[in-house]
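Asks: model this:
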Amino acid sequence: MSLIKSMTGFASGTAEHSPFSWTWELRSVNAKGLDLRLRVPDWIEGLETALRGVLGKRLGRGSVSLSLKLTREEGAGALTLNAGVLSSVLEGMRQIEETAMQAGVSLTPASAADVLAIRGVMEMRTTPDDSAALRAVLLADFDAIVVQFLEMRAAEGRALDEILMRQIDQIDTLTSQATAVIETRKDDMERSLRAGLDKVLQNYADTDEQRIAQELALIAVKSDVTEELDRLTAHVAAARDLMAQDGPVGRKLDFLMQEFNREANTLCAKSQHTDLTRVGLELKTVIDQMREQVQNVE
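Replies: Numbering: from 1, shown residues only. From the prediction side, this is the model:
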């Protein structure tokens, strides 16, 4: 059973508790860390803090957006005049009129309806008890949204698991192919080096044989890819181990992909053989594809 989770997810839901009704929307995409963006009514004291706490405990990574659209039944509550906002609005209007008069600009007088239409002048009457009770109901309802959201991320994780495990198997197979090619390459390189050496000796009879031996040894060292293949094999084992772990492993997998890519690049650079280069390029292709998928792992 897959234990990894995707950072991609979505959940929504509606509910009501008279006189209120509401709609949740929770979605996420991949990100380097956990980025929470919430749009909830600010008059419900403590709601945003509580929601952040719930999401912070349940999620490891992702760019997460949560919105709560809350409506109240008509006639369920009374509008009241916010004296503080009204005073600020009137003072602002007075200053604007004075500035306009000094500039010789004539302004159309504002009506009471114009003033009342300004946001914040009229507000829905609520009490601390209303806010606290509503917050408790919303938090209880939000738990089902989080469960739905996590189930989707888990389902996406199972799909990712299949893709990644298949790609890890491909890397393992290609690494084995590269190991098999080494033996063929060894014979081909030896024949090529001997032919080159014979040509040099024919043209330069007094060539220092010890120096030639040293150069040949250096070429052999520079073309040896045994360590790269050993490390690729070790990385395959590490990747399988990470895929079996419970909890966020995306960062570790991302780092491992860099190590995979480094070994594949070195293998291609040192190959000096057509078949080995082909295998190395196939490795790079699979590794690049896998790295794209790893970006979605939590």
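Asks: Point out where the protein drops to low pLDDT.
Replies: Applying pLDDT under 70 to the chain picks out residues 1-2, 74-79, 124-129, 186-223.
Asks: Export stretch 243-261 to CSV, keeping only CA atoms.
Replies: C-alpha atoms of stretch 243-261 as CSV (Å, rounded to 0.1, in the frame of the first residue of the first chain):
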residue,chain,number,x,y,z
MET,A,243,8.8,5.3,-1.0
ALA,A,244,8.0,2.8,1.8
GLN,A,245,8.2,5.5,4.6
ASP,A,246,5.2,7.1,6.2
GLY,A,247,5.1,10.9,6.2
PRO,A,248,6.4,13.7,4.0
VAL,A,249,9.4,12.4,1.9
GLY,A,250,9.2,14.8,-1.1
ARG,A,251,12.2,16.9,-0.1
LYS,A,252,14.4,13.8,0.4
LEU,A,253,13.2,12.4,-3.0
ASP,A,254,14.0,15.7,-4.7
PHE,A,255,17.5,15.7,-3.3
LEU,A,256,17.9,12.1,-4.4
MET,A,257,16.9,13.0,-7.9
GLN,A,258,19.8,15.5,-8.0
GLU,A,259,22.2,12.6,-7.1
PHE,A,260,20.7,10.4,-9.7
ASN,A,261,21.2,13.1,-12.3
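Asks: Can you tell me what sits against it?
Replies: With CB atoms under 8 Å, 6 or more residues apart in numbering as the contact definition, stretch 243-261 has outside contacts at 2-5, 7, 60-61, 161, 164-165, 168, 171, 231-232, 235, 238-239, 242, 284, 287-288, 290-291, 294-298. Quick note: C-beta positions are derived from backbone N, CA and C, even for glycine.
Asks: now, which of the residues you listed lie within helices?
Replies: Counting by DSSP state H, the part of the contacts of stretch 243-261 found in helices is 161, 164-165, 168, 171, 231-232, 235, 238-239, 242, 284, 287-288, 290-291, 294.
Asks: Output the contacting helices and strands for the helix or strand harbouring Thr173.
Replies: Applying DSSP states H and E as the criterion places Thr173 in helix 128-203. When contacts are defined as 3 or more CB pairs under 8 Å, 6 or more residues apart in numbering; DSSP states H and E, helix 128-203 sits against strand 9-17, strand 20-29, helix 47-58, helix 209-222, helix 226-243, helix 250-270, helix 274-294.
Asks: of all the ones you listed, which lies closest to Met152?
Replies: strand 9-17 (4.5 Å; CB to CB).
Asks: Show me what the closest one pairs with in its sheet, parallel or antiparallel.
Replies: Partners of strand 9-17 in the sheet, by DSSP bridges, are strand 20-29 (antiparallel).
Asks: returning to that earlier point: of the contacts of stretch 243-261, just the buried ones, PyMOL syntax please.
Replies: Burial among those is assessed by 16 or more other CB atoms under 10 Å; the matching PyMOL selection reads:
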select buried, resi 2+4+5+7+61+161+164+168+171+231+232+235+238+239+242+284+287+290+291+294+296+297+298
